[in-house]
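Student: I need the structure of the sequence given here:
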Amino acid sequence: MALTDEQWAVVEPLIEVCRPQAKVPPQHLRRTIGAILWRHDNGAKWRALPKAEGPWWMAAQTV
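Tutor: Numbering: from 1, shown residues only. The predicted structure is shown next:
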């Protein structure tokens, strides 16, 4: 589920407030959040994640 620019503008600041600070910030946070939302909407297993949403293991580790 790709987030629109408008949706991302609302969600990103909220994520940044509660996300633990890492040595290296995630480069694909928007794509990862989209993958998490896709899985939630579809009720599918992580390995069923479409390739367009990025590697399944990256989103699974973020949850």
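Student: number of nearby residues for Arg47?
Tutor: 8 (other CB atoms under 10 Å). Yep, even glycine has a C-beta here, placed from its N, CA and C like the rest.
Student: now for it: which residues touch it?
Tutor: Listed by CB atoms under 8 Å, 6 or more residues apart in numbering, the contact set of Arg47 reads Trp56.
Student: where does it land in three-state SS?
Tutor: With DSSP: H, G, I helix; E, B strand; the rest coil as the basis, the three-state label of Arg47 is helix.
Student: please tell me how far it sits from Leu29.
Tutor: Distance of Arg47 to Leu29, computed by CB to CB, to the nearest Å: 21 Å.
Student: got it, and Glu16?
Tutor: 9 Å.
Student: with neighbour numbers in mind, choose between those two.
Tutor: Legend: neighbour count by other CB under 10 Å for Glu16 and Leu29, higher for Leu29 (16 against 11).
Student: confidence score at the spatially closest residue to the more buried one that is not a sequence neighbour?
Tutor: When the adjacent residues along the chain are set aside, Leu29 lies closest to Ile15, with 6.9 Å between them (CB to CB, 6 or more residues apart in numbering). According to the prediction, Ile15 has pLDDT 87.
Student: try the one 3 residues further on
Tutor: According to the model's per-residue confidence, Cys18 sits at a pLDDT of 86.
Student: any low-confidence regions in this structure?
Tutor: Under the criterion pLDDT under 70, the flagged ranges of the chain are 1, 23-25, 62-63.
Student: how about a cut-off of 90?
Tutor: 1-3, 15-63 (pLDDT under 90).
Student: what about the helices in it?
Tutor: Using DSSP state H, the helices of the chain run over residues 5-18, 29-42, 56-62.
Student: for Ala48, what are its contacts?
Tutor: By CB under 8 Å, 6+ apart, the contact set of Ala48 is Asn42, Trp56.
Student: looking at the helices of the chain, which is buried most?
Tutor: Comparing the helices of the chain by mean neighbour count (mean count of other CB atoms under 10 Å), helix 29-42 ranks first with a mean of 17.
Student: contact partners of stretch 56-63?
Tutor: By CB under 8 Å, 6+ apart, the surrounding residues in contact with stretch 56-63 are Pro26, His28, Thr32, Ala35, Ile36, Arg39, Trp46, Arg47, Ala48, Leu49, Glu53.
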